[in-house]
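**Student:** pasting the structure only:
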């Protein structure tokens, strides 16, 4: 099973790495169209609305309210997910993986997203080390 998981992530790396954008985006926008501010204010992932959109770092960000949009505009770095919204565990391993908005955690005031809830559990088991490794890898993986 471990080999199958490794092969899956290797194949996924080729798909996502082709993007090479500093922000994880899909056809739905940055972080799959979810409101990054809602993770902090509401404590859960909330889908954004086209009525509240903001372009930042060449990506379209969606928000669930004008208040959240205004908060992001005032300080995007505070609310944007770390590592451009790519999977924090993946970046710690030197690769860009997609995310599931439901696999998230705020650590020391920073939002981290992960590929899945299963990967999130693995990441949480040693998140301090994975965050440190991801910070080292981040500039290299988007070059």
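**Tutor:** Yep, that arrived. Quick caveat, the model's predicted, so the values are computed rather than measured. Numbers count the residues shown, from 1 in each chain.
**Student:** please count neighbours and contacts with C-alpha atoms only from this point.
**Tutor:** OK.
**Student:** residue contacts, the residue positioned nearest the centre of the chain?
**Tutor:** Central residue of the chain (CA atoms, centre = their mean): residue 85, 2.1 Å from the mean position. By CA atoms under 8 Å, 6 or more residues apart in numbering, the residues touching residue 85 are 23, 24, 30, 31, 99, 112, 113.
**Student:** do that again at 10 Å, thanks
**Tutor:** 22-25, 30-32, 36, 96-101, 111-114 (CA atoms under 10 Å, 6 or more residues apart in numbering).
**Student:** just those residues: which are in strands?
**Tutor:** Among these, the members falling in strands are 25, 30, 100, 101, 111, 112, 113, 114 (criterion: DSSP state E).
**Student:** the protein: strands as residue ranges?
**Tutor:** 25-26, 29-30, 49-56, 59-63, 100-107, 110-114.
**Student:** circling back: out of the contacts of residue 85, which end up buried?
**Tutor:** Using 16 or more other CA atoms under 10 Å as the burial test, the contacts of residue 85 include 22-25, 30-32, 36, 96-101, 111-114 as buried.
**Student:** so what pLDDT did residue 8 get?
**Tutor:** Looking at residue 8, its pLDDT is 51.
**Student:** which non-adjacent residue is nearest residue 32?
**Tutor:** residue 26 (5.6 Å; CA to CA, 6 or more residues apart in numbering).
**Student:** give me phi/psi at residue 57?
**Tutor:** phi 50, psi 50 (degrees, to the nearest 10).
**Student:** so what's it up against?
**Tutor:** Counting by CA under 10 Å, 6+ apart, residue 57 has contacts 21, 22, 23, 30, 76, 84.
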